[in-house]
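>>> Model the following, please.
(one chain, ligands or ions: 1)
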Amino acid sequence: MYNFLEELQWRGLIQDTTPGLEEQLNKEKTTGYIGFDPTADSLHIGSLVPILILMHYRKAGHKPVALVGGATGMIGDPTGKSDERNLLDEETLAKNVEGIKNVLSRFLDFDATDENAPVLVNNYDWMKDFSFIDFVRDVGKRITVNYMMAKDSVKKRLSGESGVGMSFTEFTYQLIQGYDFHHLYHDMGVKFQMGGSDQWGNMTTGTELIRRMSDGKTEAFAMTCPLVTKADGTKFGKSEGGNIWLDADKTSVYTFYQFWLNVADEDAERFIKFYTFLDKETIEKLTAEHKEEPHRRILQNALADSVTTLVHGEEELELAKKASQILFGKSTSEDLKNLNEQTFLDVFEGVSQQEVGEDIFELELLDFLSEGSGFLASKGEARRALKENSISINKDKINDDYKPSKEDLIAGKYLLLQRGKKNYHIVIVK
Ligand SMILES: N[C@@H](Cc1ccc(O)cc1)C(=O)O
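Coordinates of the predicted model:
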């Protein structure tokens, strides 16, 4: 059985802890939680670190609780935000809560029945009937405005720098998160909260509230992990198309896999510790091998394989690898036909495209290859290319006899035209 804090320590996943945490975790199996606000209908790889921390926590024999912020999502955490947030409407919130629950349950087995089985809770369940009067009397009275104003999330918004101010609504956020901790402490014995380093302020409002609401008789603990950054200073977790999500219909497995494959060497060394369960020995060995021959990208490959398997499973990883071969290695028309539409588009992102009508199938081959599809500059060039035997359609070489047909369409819509090795063009038939 491994030790939770030691495991997180060598992985570089501990930023701050409150005093006494180690003694507490050594003393007894402890229930600990992390909250996720439903700001979107899925989670992205930024949230994968907290998810993995809950998985480590479970592996170490403690009991993890994942909280979905149905209530806090109605307020909006001001942490790290320089502007007031827009309120989400109820319909969006409900959809987001469901989406996030689904993602979380792919990583944590909420159906397990053992004593330390993971539990999923929603803070809306205990906040919805809490009246304003009760809240300000029972909770608000325990914490001073002075204390709340000293938090970074508040200070930043009050200072001249951003100067935009903060609504009373967002100001209350830390108290609500703090109250969650208090509630979970007394309802389920949750003594420990984890989260990203930006959550330190909200988490310590919680430990403080727990102490004060028990007149100093109960104690709770907190730990933060570092926010993931990149060596080159650019924002982590984004590709050109936006966030890297944990849902295949938001970020294709291919794009997900490629994202990890393309991280910089310095980043790969840290990320492999954060994002995989590979043990210390294995990671040290891989890192040493990587340093000998960086061009083989051993770390990136191990990282991409491991995270993609964790998030999408082995079968999907194999498909993503096959898709990756299409641009770079040997592949057949069969491989191409097996791609789903999103993956096809992701693989050929940036390739020139032309929309055409179905009448394209009535054209002579030379017209089809030139003006019809917008691929080659002229009929003459098309003739030459055919003579050189350098044209492929959907990865099959074609000759003068080829007749374009609807049957060839990938996902019922696309034709992949290719000249030589790298010169691609996509025809979209409308
Ligand atoms: N404030 C956290 C989410 C959270 C919500 C409620 C909690 O009790 C704990 C955490 C975030 O934005 O990431």
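
>>> Please identify the helix or strand for Leu52.
helix 48-59 (DSSP states H and E).

>>> Contacts for that helix next, please.
For helix 48-59, contacts defined as C-beta atoms under 8 Å, 6 or more residues apart in numbering pick out 2, 4, 7-8, 13, 32, 34, 36, 43, 63-64, 66, 104, 107-108, 116, 118, 194-196, 225, 228, 246, 274-275, 277, 307, 311. All C-beta spots, glycine's among them, are computed from the backbone N, C-alpha and C.

>>> For it, list the C-alpha coordinates in CSV.
C-alpha atoms of helix 48-59 as CSV (Å, rounded to 0.1, in the frame of the first residue of the first chain):
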residue,chain,number,x,y,z
LEU,A,48,-7.3,15.8,-14.8
VAL,A,49,-4.7,16.5,-12.2
PRO,A,50,-7.3,16.9,-9.3
ILE,A,51,-9.0,13.7,-10.7
LEU,A,52,-5.7,11.8,-10.6
ILE,A,53,-5.1,13.0,-7.1
LEU,A,54,-8.5,11.6,-6.0
MET,A,55,-7.4,8.3,-7.7
HIS,A,56,-4.1,8.3,-5.9
TYR,A,57,-6.0,9.0,-2.7
ARG,A,58,-8.2,6.0,-3.3
LYS,A,59,-5.3,3.8,-4.1
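
>>> List the buried residues in it.
Neighbour counts over helix 48-59 (16 or more other C-beta atoms under 10 Å) mark Leu48, Val49, Pro50, Ile51, Leu52, Ile53, Leu54, Met55, His56, Tyr57, Arg58 as buried.

>>> between those, which is closest to the ligand?
Pro50 (8.2 Å; C-beta to the nearest ligand atom).

>>> For Glu284, the count of nearby residues, please.
As a burial measure, Glu284 scores 12 neighbours (other C-beta atoms under 10 Å).

>>> Oops, could you answer that again for Ile133 instead?
By other C-beta under 10 Å, 8 other residues sit near Ile133.

>>> Which secondary structure element is home to it?
Per DSSP H and E, Ile133 falls inside helix 132-138.

>>> And the average pLDDT for that helix is what?
In this model, helix 132-138 has a mean pLDDT of 97.

>>> Could you list every helix and strand in contact with the longest helix anywhere in the chain?
Ordering each helix of the chain by length in residues (DSSP state H) puts helix 90-107 first. Applying 3 or more C-beta pairs under 8 Å, 6 or more residues apart in numbering; DSSP states H and E, we find helix 90-107 packed against helix 48-59, strand 63-68, strand 119-122.

>>> Could you check the angle it makes with helix 48-59?
For helix 90-107 against helix 48-59, the angle between stretch directions is 50 degrees (axes from the mean of the first three to the mean of the last three C-alpha atoms, to 10 degrees).

>>> Does at least one residue of helix 90-107 sit close to the ligand?
No: Helix 90-107 is not in contact with the ligand by C-beta under 6 Å from any ligand atom; minimum separation 10.7 Å.

>>> How about the contacts made by the closest residue to the ligand within the stretch 151-300 of the chain?
Using C-beta to the nearest ligand atom, the single residue of the stretch 151-300 of the chain nearest to the ligand is Asp180, 3.2 Å away. Shown in contact with Asp180 (C-beta under 8 Å, 6+ apart): Gly35, Leu67, Thr72, Asn123, Trp126, Gly206.

>>> Need the max-distance pair from those residues.
Trp126 and Gly206 (14.1 Å; C-beta to C-beta).

>>> Looking at the two, which is more packed in?
Set side by side, Trp126 and Gly206 show more neighbours around Gly206, with 26 against 15, by other C-beta under 10 Å.

>>> any idea how far Asp346 lies from the ligand?
Distance, Asp346 to the ligand, by C-beta to the nearest ligand atom, to the nearest Å: 29 Å.

>>> again but with Gly70, I slipped
Applying C-beta to the nearest ligand atom, the value for Gly70 to the ligand is 10 Å.

>>> For the closest residue to the ligand within the chain, name its beta-bridge partners.
Residue nearest to the ligand within the chain: Gly35 (2.2 Å; C-beta to the nearest ligand atom). Residues in a beta bridge with Gly35, per DSSP bridges, are Leu67.

>>> from memory it sits against Asn122, does it?
No: using C-beta atoms under 8 Å as the test, Gly35 is too far from Asn122 to be in contact (10.1 Å).

>>> so what's the residue of the chain closest to the ligand scoring on pLDDT?
In this prediction, Gly35 carries a pLDDT score of 98.

>>> List the pairing partners of the helix or strand bottoming out on mean pLDDT in the chain within its sheet, with orientation.
None of the helices or strands of the chain scores lower by mean pLDDT, DSSP states H and E than strand 238-239, at a mean of 77. Strand pairing for strand 238-239, determined by DSSP bridges: strand 242-243 (antiparallel).

>>> Quick one: list the elements packing against the helix or strand following the partner strand.
Helices and strands here follow DSSP H and E; after strand 242-243, the next one along the chain is helix 253-261. On a contact count with 3+ C-beta pairs under 8 Å, 6+ apart, helix 253-261 meets helix 298-312, helix 314-328, helix 341-347.

>>> Can you point out the buried residues in the second one?
This points to helix 314-328. Neighbour counts over helix 314-328 (16+ other C-beta under 10 Å) mark Glu316, Leu317, Leu319, Ala320, Lys321, Lys322, Ala323, Ser324, Ile326 as buried.

>>> Repeat that for the last one.
Of the residues in helix 341-347, those buried by neighbour count under the rule 16+ other C-beta under 10 Å are Gln342, Thr343, Phe344, Leu345, Asp346, Val347.

>>> and the stretch 51-200 of the chain, which residues reach the ligand?
So the stretch 51-200 of the chain meets the ligand at Leu67, Gly69, Thr72, Asp77, Asn123, Gln177, Asp180, Gln199 (C-beta under 6 Å from any ligand atom).

>>> Just give the number of residues close to the second one.
As a burial measure, Gly69 scores 27 neighbours (other C-beta under 10 Å).

>>> tell me the contacts of it?
Taking C-beta under 8 Å, 6+ apart, one finds Gly35, Phe36, Asp37, Pro38, Asn122, Asn123 in contact with Gly69.

>>> Find the nearest non-adjacent residue to it, please.
Excluding the flanking residues, the one nearest Gly69 by C-beta to C-beta, 6 or more residues apart in numbering is Asp37, at 4.0 Å.

>>> Ok, the last one next?
In this structure, Gln199 finds its nearest non-sequential neighbour in Thr224, 6.2 Å apart by C-beta to C-beta, 6+ apart.

>>> For that neighbour, grab phi and psi.
The phi and psi torsions at Thr224 (degrees, to the nearest 10) take the values phi -120, psi 150.
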